[in-house]
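> give the three-dimensional model of this entry:
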Amino acid sequence: RAMSMKISKLSFLITGLLVGQIAVGQSLKLPFFDDFSTARRTASSTRWVAGSGVYINNTLTINHPSINVATFDGLRLNGLPYVLTDENAEGDTDTLTSLPIDLGGLTAGNGVYLSFYWQRRGLGELPDATDMLTLEFLGRDGAWQKAWTQSGGVIDNNFTVQLLQLTNPVFFYSAFQFRFRSRGRQSGMFDSWHIDYVYLNRDRTATNRPLRDRAMRQPITPLLRRYTAMPLRQFLARPAAEFSDTVRSDFTNLFTEFIPINSQFSIRDQVSGREFQRDTLTNPINALGLSRNPLAFRTRLPTGLLGRAVLQTTFRLVTNDQNSPDTPGLDLTLNDTLSATTVLDNYYAYDDGSAETVKQINQRLGRVAVKFTLNRPDAVRGVCVNIAPTRRDQRGQTILLGIYADVNGSPAAQPLVQQPFSVSYAAERNGFTEFTFTNPVNVPDTVFYVAFSQLDDPAIPVGFDRNSPFRDKLFINLGTRWDRVTD
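Purely as a prediction, here's the structure:
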């Protein structure tokens, strides 16, 4: 029976916002807080003006303080660049604007401060020295005033804490707003900035730490040893060999002191509703202050899987952060839970669902191949590729997809089958375009390769998962031999 083969986000390469008028009676009350931990792709419409191109994710940064950040770059929320007709276009890119906030009746003496964490680049592209991230405040006079700005060109893998006091009387009214705006290259996923832990409140001082919190942070490691998704029938052929015996993440302790923390772990099938595992650490973890702390659980192999399964792994910290005395009115337990899903269906994947950059083959007829290892003979019906819109519109350009046998640990010289396809873009950021072969391709051996090449210029950018643990499966051929890709 043919199976659908979904290739990971391989990397083969390599505005402005109209703010609508909102009634004063709808203004938010202090405190204003968002760590983006419960958002999916787009910022919450309960705190931010809808329509922003900012991308909420947990994969594009380094050393982030908690689950999820808001990323600014040259892509709209649908994954298309702001400009796809001029690869050198520069200007305003993403904007994130708060809903109106009621600061009426307050003064500078009330200690109103806005704090946030920010980072350049992360796992994306470093902004140039002329690129900027800017914070602006909206006064009662309708004018936006610059409150803070940073330029690019400096590499720093840490997040920086920024604390700003509101002192100008023009900001103390019933519909105050603030916004973050980025400026840089508009033709793709360039010039990345990230923010987190945005917190506005009164009765703060210049020596306040932004927040005292415990939060889950790093994405959970794969539940499978060799893939992030695989066909269920291939999994069931060797389940113990495919299933990871341990999964890991970590959490942040933003308190200055040691704090004991309990944690829980579970595995649940979202299709059948069955829970296969629920564990609690018997001894609390003594979490170091102002640090990241590892967290790991042993797994138990699920049984009785039929048809299709979506296994959800969940880590949860057991805290009382909703009752923190220095953050009244805030429930800081929302970032205590982190989940990941592993699909056992009819395709293979190596990616985590997010491309941190794009790559391309800058040579006509150059080929990149990805290695797959079967547990039993099967057939490939098609390939899904994340073609990343970058620099120019390449819809309609021709690419070649091929299936190759294995010869001594590398792809064979000639494909088992090769077929041309017309390039198209997915409807959302990180989405895949599916290419189906005219006839399913039988792959009786345990190892085969899926390869990508192009017939004409310019080079076609494909998304690349920079933080995948499975990047050793890539091979490249720029002439007569295949070489393993090391990065």
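
> wait, Ser52 sits on Ala39?
No: look at Ser52 against Ala39 with Cβ atoms under 8 Å: they stay out of range, at 11.0 Å. C-beta coordinates here come from the backbone N, C-alpha and C atoms, glycine included.

> in the stretch 101-250 of the chain, which spans are strands?
Secondary structure of the stretch 101-250 of the chain by DSSP state E, counting those that start in this stretch: the strands cover 113-120, 132-138, 144-151, 160-165, 177-185, 193-201, 214-216, 229-231, 246-253.

> return the most buried member of the ones you listed.
strand 214-216 (a mean of 26; mean count of other Cβ atoms under 10 Å).

> helices or strands next to that strand in the packing?
On a contact count with 3 or more Cβ pairs under 8 Å, 6 or more residues apart in numbering; DSSP states H and E, strand 214-216 meets strand 246-253, strand 309-318.

> quick one: strands adjacent to that strand?
Taking DSSP bridges as the criterion, strand 214-216 forms sheet pairs with strand 246-253 (antiparallel).

> average pLDDT for the helix or strand following the strand it pairs with?
Reading on from strand 246-253 to the C-terminus, the next helix or strand found by DSSP states H and E is strand 259-269. The pLDDT scores in strand 259-269 average 93.

> what helices or strands is the helix ranked longest in the chain leaning on?
Longest helix in the chain, counting residues (DSSP state H): helix 232-237. With contacts taken as 3+ Cβ pairs under 8 Å, 6+ apart, helix 232-237 sits against strand 337-345.

> buried ones in the longest helix of the chain?
Neighbour-count burial for helix 232-237 flags Leu232, Arg233, Gln234, Phe235 (criterion: 16 or more other Cβ atoms under 10 Å).

> how near is Pro461 to Glu87?
According to Cβ to Cβ, to the nearest Å, Pro461 and Glu87 sit 11 Å apart.

> the residue lying closest to Thr390 once chain neighbours are set aside: neighbour count?
Nearest non-adjacent residue to Thr390, counting by Cβ to Cβ, 6 or more residues apart in numbering: Gly188, 3.7 Å away. Neighbour count of Gly188, defined by other Cβ atoms under 10 Å: 25.

> pLDDT below threshold where in the chain?
1-25, 210, 322-327, 487 (pLDDT under 70).

> which stretch of helix or strand covers Thr93?
Thr93 is located in strand 90-97, with elements delineated by DSSP H and E.

> would you mind measuring from Ser27 to Arg376?
Relative to Arg376, and taking Cβ to Cβ, Ser27 is found at 61 Å.

> so if I had to pick from those two, which one is more boxed in?
Comparing Ser27 with Arg376 by other Cβ under 10 Å, the one with more neighbours is Ser27, at 18 against 12.

> isn't Asp245 up against Arg300?
No: if you go by Cβ under 8 Å, Asp245 and Arg300 don't touch, sitting 9.3 Å apart.

> follow-up on the earlier one: out of the strands of the stretch 101-250 of the chain, which comes closest to Leu332?
When the strands of the stretch 101-250 of the chain are ranked by proximity to Leu332, the top entry is strand 214-216, at 7.6 Å, counting by Cβ to Cβ.
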